[in-house]
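Participant: task: produce atomic coordinates for the following.
(2 chains)
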Amino acid sequence: MERRSFLQMTALASAASAAKGQSDIPDYRVFTTYPRSENPGMPGPYPGRVVRVRSNRCVDEVTETVDVPTVQQMMARGMSSLTGDRDPRDSWRRFFSSEDTVGIKINSSGARTQMNSRPEVVAEICERLIETGVKASEIFVHERLSAQMAEIHYEDYVPDGVRIESAPSYLGFDPDVFVDVNFFGEDDTRSFMLRMSTERFTKIINVPNMKDHGASGVTGCLKNVAYGEFNNVARSHRHTKTHTLSYIGTLCDVEPLRSKTVLQIMDGLIGVWHGGPFSRNPRFRFYPKQMVFGTDPVAIDRLLIDVIDDKRKAEGAISVWDQSMKVHDADGSRWNIDPDANRFVRETGHIEYASRLGLGVYDLERIDLEEIQIS
Amino acid sequence: MLPGLHWAGGLDTASRLSDAGIERLVVTPESLEAWKKVGFSAESDAVLVDYTEVGPPTVRMERSIAAATSVPWVEANGWHFLRGVKFARYREVPDGLAALAVAEAFSYGVDAVIDAAPEDIIAFGEMLQFVRGIDRGPEETLADIGFVDDGTPETLGAMKLLERRNLMFRVVERPDPSLDLNVQIGGEEFPREEAANPHEFATQVRRRLTDERRLLRIFGSNVVLGHVTSVGEATRVHLLNYGPRGTVAGLRVRVEGAFTSARLASFGTDDEDVVDLRVRDGGTEFTVPQIILYAVIDLD
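Facilitator: Take a look at the predicted model:
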């Protein structure tokens, strides 16, 4: 029997500060054996800095085929611009070394619609890590659930030796790192963090997509890494009024997730402007044709709000900020076809909430955005 | 006494039953002697008048009921046994549920007779084989709630819900000050009208007890129900998987009290150890790697 010393830390102080004036924030109890870092990966060394690289050639809108050489160019420009290095290899070396075991947190919640972290993008990240000295066997493309990820067949794209893993049972979760909260009277009040992320990975790269989300308004960096690294999270949005506002940031704030997540690469080749994250309705798919780089998940997600909202405006749909239940669709049948229907009270404010936990910069005035266009 | 099989089949089925490891039968008076002659411990079904009928243990996926909480509606019989039923007849148990019925009855120390489907005989026998391997002494039900049972429909409904929510209670004649919480429907603390909604009532009970003081908590499944007994110096946790989807791929359990060792017996597996045992905040936590139908954990 192994008995580790148990350190109970609580994020109550920071959560309480974030929740000032908000009486409906649940009582979160955070348990972890990992201490806070003085230099956490989120927001990391580049708070408020975002590099957006666009290219019209990166994906074919008809076939949805990804142009790999273009993705490679976008990756190189994005990384070197983020760090200010001339050679992108130096940029990668700022984050990773041969000593690292790296988890690549993909998004596979739109597996059947191509609306996932595109395998070509993930493969390119793997190649660059290997070039930096990380062993292929120490790279883990991972997701909490296996079924959706299996449909994408990342193994057909990534270099030999790279591992594709999920947590098929409860043993895949760390019994000492969890958040205990009772949202709606559910008996199972705990969300445990993936054990591979706490015990094996030294670093995590977050690779979200650009998606609308019925409950959280949009889903980008914060939600991808929060709800993807912990189990038992769907309970936060089982009712019209959800707790996504505070839960997403609270989970991101848990150590060691906050410290280990050192790089955000948003795959915005294809996006979902309504019905996300799972929407299979091709009407709601669009093609931002961009990749976004940074270490600050809040700043990237703040810009994501505008990407999704601008598209919704262009389509004549209600805003991601519209929390009205004028067109409320509890069972999702109308929401799947009507962009003016809300399934939940949208909590687009979860990104600002996360900023109040210190996870990044929300204020547009303070976000340093560099735009790069590749012809 | 281990659960018996209520059997209407002819003597030509004897070898099938004995191959399955079934020894105890309840049969018609006319066939009683014949079954005894071929080596079974047989009783006449006339004894069943002394047995309380209970339903098959299962999960009902009735949306109108379950959707209110998004939790499946578990049909468990523990509340009958906690009310003092010692002899139970599981009536018309559908194919696939006999083994769970055996486990449930065994876990509560009930003398049970089970109407199993002929297709379920092998599973019935497999569970008998499993429970034969579990040390069985006098077990005392442990609880943190004393429930005053007045026999009214509200009381019965409330007990069902407490069982479903893994809120450990025992039936008491009057409030027992040694327990953390006493529940008497109709009193000032628990008005009868509140008990008309069993879901809300169970929530109230949980709130007043608080999760921190609960004897047992289960994380990772809402179809696994547990109860806790003392066996001599040891504390025993019984876990029953009522779910229709088969094996639960692990769950985390918390039991009040500090224990340093745990022995696991889990039906259908070779698992002998729980995983990640921790003692924290007045409780012991561990992970059971998998639960097919029934697991027993002895804590010292």
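
Participant: pull up the residues of chain B that are close to chain A.
Facilitator: Contacts of chain B with chain A, taken as CB under 8 Å from any CB of the partner chain, map to B:69-71, B:165-166, B:203, B:206, B:211, B:217-222, B:249-252, B:260-261, B:275-281, B:285, B:287, B:289-290. C-beta here means a position set from N, CA and C on the backbone, and glycine is covered the same way.

Participant: and the strands in the stretch 251-375 of chain A, which stretches?
Facilitator: Taking DSSP state E, counting those that start in this stretch as the test, the strands found in the stretch 251-375 of chain A are A:261-272, A:285-286, A:290-294, A:368-374.

Participant: adding mean pLDDT and mean neighbour count, write those out as a markdown table.
Facilitator: Output for the strands of the stretch 251-375 of chain A, formatted as a markdown table (pLDDT from 0 to 100; neighbours: other CB atoms under 10 Å in any protein chain shown):
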| stretch | mean pLDDT | mean neighbour count |
| --- | --- | --- |
| strand A:261-272 | 97 | 27 |
| strand A:285-286 | 96 | 21 |
| strand A:290-294 | 98 | 28 |
| strand A:368-374 | 98 | 15 |
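
Participant: rebuild these as CSV, extending it with distance to chain B.
Facilitator: As requested, the strands of the stretch 251-375 of chain A are exported to CSV (distance: least, CB to the nearest CB, whole Å):
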stretch, distance to chain B
strand A:261-272, 24
strand A:285-286, 29
strand A:290-294, 35
strand A:368-374, 41
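
Participant: in a markdown table, list these along with distance to residue B:145.
Facilitator: Shown next, in a markdown table, are those (distance: least, CB to CB, whole Å):
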| stretch | distance to residue B:145 |
| --- | --- |
| strand A:261-272 | 43 |
| strand A:285-286 | 53 |
| strand A:290-294 | 52 |
| strand A:368-374 | 58 |
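
Participant: buried stuff in stretch B:169-179?
Facilitator: If you call a residue buried by 16 or more other CB atoms under 10 Å in any protein chain shown, then stretch B:169-179 has these buried ones: B:169-172, B:175, B:179.

Participant: now that we have the residues of chain B next to chain A, which of them are buried?
Facilitator: Of the residues of chain B next to chain A, these count as buried by 16+ other CB under 10 Å: B:69, B:71, B:165-166, B:203, B:206, B:217-222, B:249-252, B:275-278, B:285, B:287, B:289-290.

Participant: can you list which of those are found in strands?
Facilitator: Cross-referencing those against strands under DSSP state E gives B:217-219, B:251-252, B:275-278, B:285, B:287.

Participant: quick one: low-confidence ranges for the stretch 1-150 of chain A?
Facilitator: Low-confidence segments of the stretch 1-150 of chain A, defined by pLDDT under 70: A:1-23.

Participant: can you pull out the helices in the stretch 1-150 of chain A?
Facilitator: With DSSP state H, counting those that start in this stretch as the criterion, the stretch 1-150 of chain A has helices at A:12-18, A:68-83, A:88-95, A:119-132, A:146-152.

Participant: which parts of the stretch 101-250 of chain B are helices?
Facilitator: According to DSSP H, counting those that start in this stretch, the helices that the stretch 101-250 of chain B contains are B:121-132, B:153-164, B:198-209.

Participant: pipe these into a markdown table and attach mean pLDDT and distance to residue A:147 per row.
Facilitator: Converted to a markdown table, the helices of the stretch 101-250 of chain B look like this (pLDDT from 0 to 100; distance: least, CB to CB, whole Å):
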| stretch | mean pLDDT | distance to residue A:147 |
| --- | --- | --- |
| helix B:121-132 | 97 | 28 |
| helix B:153-164 | 93 | 28 |
| helix B:198-209 | 92 | 31 |
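
Participant: which residue does the stretch 201-300 of chain B have closest to chain A?
Facilitator: Closest approach between the stretch 201-300 of chain B and chain A, counting by CB to the nearest CB: residue B:250, at 2.8 Å.

Participant: which ones are touching the closest residue to that residue other than its chain neighbours?
Facilitator: Nearest residue to residue B:250, sequence neighbours excluded (CB to CB, 6 or more residues apart in numbering or on different chains): residue A:170, at 2.8 Å. By CB atoms under 8 Å, 6 or more residues apart in numbering or on different chains, the contact set of residue A:170 is A:192, B:220, B:249-252, B:287, B:289.

Participant: closest one of those residues to residue B:149?
Facilitator: For the contacts of residue A:170, the closest approach to residue B:149 (CB to CB) belongs to residue B:251, at 29.8 Å.

Participant: list the contacts of the closest residue to the closest one other than its chain neighbours.
Facilitator: Nearest non-adjacent residue to residue B:251, counting by CB to CB, 6+ apart: residue B:220, 3.4 Å away. Counting by CB under 8 Å, 6+ apart, residue B:220 touches A:170, A:188, A:232, B:248, B:250-252.
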